[in-house]
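K.L.:
All I have is the shape, not the residue letters:
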């Protein structure tokens, strides 16, 4: 390893630039959330807060406070929607993935599955809106769970399929010889082996659902079903009196996905790489 | 090996998935297609819906505002994805080197990707704020600008500012895909080339680039498909303004539906947008297929 000094300087300088580009916006939003409103309305800005003010976070998790109620109900709706949709998507995706992996279901069908979620949601939105309003299902977490399940399903199926592909097939053959039904084999033989794959698929699905905005914007209209994405768009729309509150909501909404992304980075990155490169 | 019984069972295993997708995607798609040939409107009154043939399409294809929106969307898509590709490959090359802290940087790069799209949009809108924004303050204090600017309030800069926000969130995906490809290059190959006197640039062009170009193209087409449906970030940052300068195709259809309540004509716009997406999706599959055939060979 003999590198010229020039090369080292170049390397570290670029690394510093990349770090700044990646982290500065995040650091700034966090600083905004703990700066006093006075510091945030100076021009030019006070970069380092004159005092650290965490009171906005306290107000956001306080139910008896207007913005607290908005935030907490949105948090609850997001957790239920993303969690419920992830669960249903996996429940439906695992048998489908097994059919693609072990029962010779046509790959063209899997491509068709994937094509459905690559289409712009604007293609589906109006008929969906009509159907749900006819059945009185607008503004409901259940509706979002159904739509999100369909949105998560193709990718979950694809990811599970490629993971089941590499499991040893011999045990399944043995189970078949013993007369085990397919569902039994799936539950008792395949699922235990596929646990890491299921975890990875669940995390990625949850993150996608957590991030969704368009369907939630159209289908929900008050605290009973609005998710965090929609609530944050609301918080920041119109006349904002304190940008620090908006920043604090943003920080809180980013914490769960950021936590998952850092803790399960290997899972997520390999899922992303596989999911975006192989077709 | 498996019996006839199991072969038939595949349809039972697939049934729930197919039903869910038929209900939530296929049916609405067909309905949208049908609507696009009618003069339907969104209204509380009972009205008769007339079948008007290709009238909506004839109008849409001569509607300069719509065609402008498509053009803007293509600009957003190609500039965003192009910059993400450029940055992504550059940063992946950097992270593929050994230096102090490279593992930390590799872990940290995922953070922008983890920021929810809406939070990202809101955060950048605050950063671009004409009076209190961090960008103005920073550029002013560094002496790059003399006066604060309205970055997303000015039609000349708004779209590029939206693009910057989008690039910041999405470049990590390209970094990780490229990095994964870079790590499969046999070190001997590069060493041999170096021994034979190939410089860094020559090695990049003749070994590294051909090695990573397959996966890179595939992920960039995937990002292209995603970027083309852009709505969220525009909705939060600019609502399509100022002076329509950031009004993208999805946003245009959204307004046709939910502001002007014209479901028939909106549907024809939606079908045209979906048609362009379909072309991109087909390109993705043929690329991904070739890529997989390549890695298996």
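P.N.:
Received the coordinates, thanks. Only a predicted model underlies this, so the values are computations on that prediction, with no experimental measurement involved.
K.L.:
for the residue nearest to residue A:253 when sequence neighbours are not counted, phi and psi?
P.N.:
Distances taken as CB to CB, 6 or more residues apart in numbering or on different chains place residue A:228 nearest to residue A:253, at 4.9 Å, with adjacent residues excluded. (C-beta placed from N, C-alpha, C; glycine too.) Dihedral pair for residue A:228: phi -60, psi -40, per degrees, to the nearest 10.
K.L.:
Look up how far residue A:60 lies from residue A:228.
P.N.:
Applying CB to CB, to the nearest Å, the value for residue A:228 to residue A:60 is 12 Å.
K.L.:
If you count surrounding residues, which of the two has more?
P.N.:
Of the pair residue A:228 and residue A:60, residue A:228 is the one with more neighbours under other CB atoms under 10 Å in any protein chain shown, namely 30 against 21.
K.L.:
looking at it, that one is touching residue A:72, isn't it?
P.N.:
No: in this structure, residue A:228 is not within contact of residue A:72 by CB atoms under 8 Å, at 10.4 Å.
K.L.:
related to what we said a few turns ago, spell out which residues are contacts of both of residue A:228 and residue A:60.
P.N.:
Each of residue A:249 lies in contact with both residue A:228 and residue A:60 under the rule CB atoms under 8 Å, 6 or more residues apart in numbering or on different chains.
K.L.:
residues contacting the residue nearest to residue A:253?
P.N.:
Shown in contact with residue A:228 (CB under 8 Å, 6+ apart): A:74-75, A:77-78, A:210, A:249, A:253, B:116, B:118.
K.L.:
ditto for residue B:232
P.N.:
Residue B:232 touches A:213-214, A:229, B:117-118, B:121, counting by CB under 8 Å, 6+ apart.
K.L.:
tell me the average confidence for the host helix or strand of residue B:210?
P.N.:
Using DSSP states H and E, residue B:210 falls within helix B:209-228. Helix B:209-228 shows a mean pLDDT of 89.
K.L.:
for stretch B:181-200, same thing?
P.N.:
The average pLDDT for stretch B:181-200 rounds to 85.
K.L.:
now stretch B:282-295
P.N.:
75.
K.L.:
Distance of the most centrally placed residue in chain A relative to chain B?
P.N.:
By CA atoms, centre = their mean, chain A has its centre lying nearest to residue A:207, at 1.4 Å. Using CB to the nearest CB, to the nearest Å, residue A:207 is found at 7 Å from chain B.
K.L.:
where does that residue land on pLDDT?
P.N.:
For residue A:207, the model assigns a pLDDT of 93.
K.L.:
cool, residue A:1 as well?
P.N.:
Per-residue confidence (pLDDT) for residue A:1: 47.
K.L.:
count of residues packed around residue B:255?
P.N.:
Under the neighbour criterion other CB under 10 Å, residue B:255 is assigned a count of 17.
K.L.:
wouldn't it be in contact with residue B:240 here?
P.N.:
Yes: at 7.4 Å, residue B:255 counts as touching residue B:240 under the criterion of CB under 8 Å.
K.L.:
list the contacts for residue A:154?
P.N.:
Taking CB under 8 Å, 6+ apart as the definition of contact, the neighbours of residue A:154 are A:110, A:113-114, A:116-117, B:21.
K.L.:
cool, and residue A:125?
P.N.:
Residue A:125 touches A:214-215, A:218, B:28, B:254, B:257, counting by CB under 8 Å, 6+ apart.
K.L.:
With respect to per-residue confidence, which of the residues you listed is lowest?
P.N.:
Scanning the contacts of residue A:125 for pLDDT, the low point is residue B:257. It has 92.
K.L.:
ok, the residue nearest to the centre of chain A to residue A:82 distance?
P.N.:
Counting by CB to CB, the gap from residue A:207 to residue A:82 is 8 Å.
K.L.:
where does chain A dip in pLDDT?
P.N.:
Residues of chain A that meet the criterion pLDDT under 70 lie in A:1-3, A:238, A:276-279.
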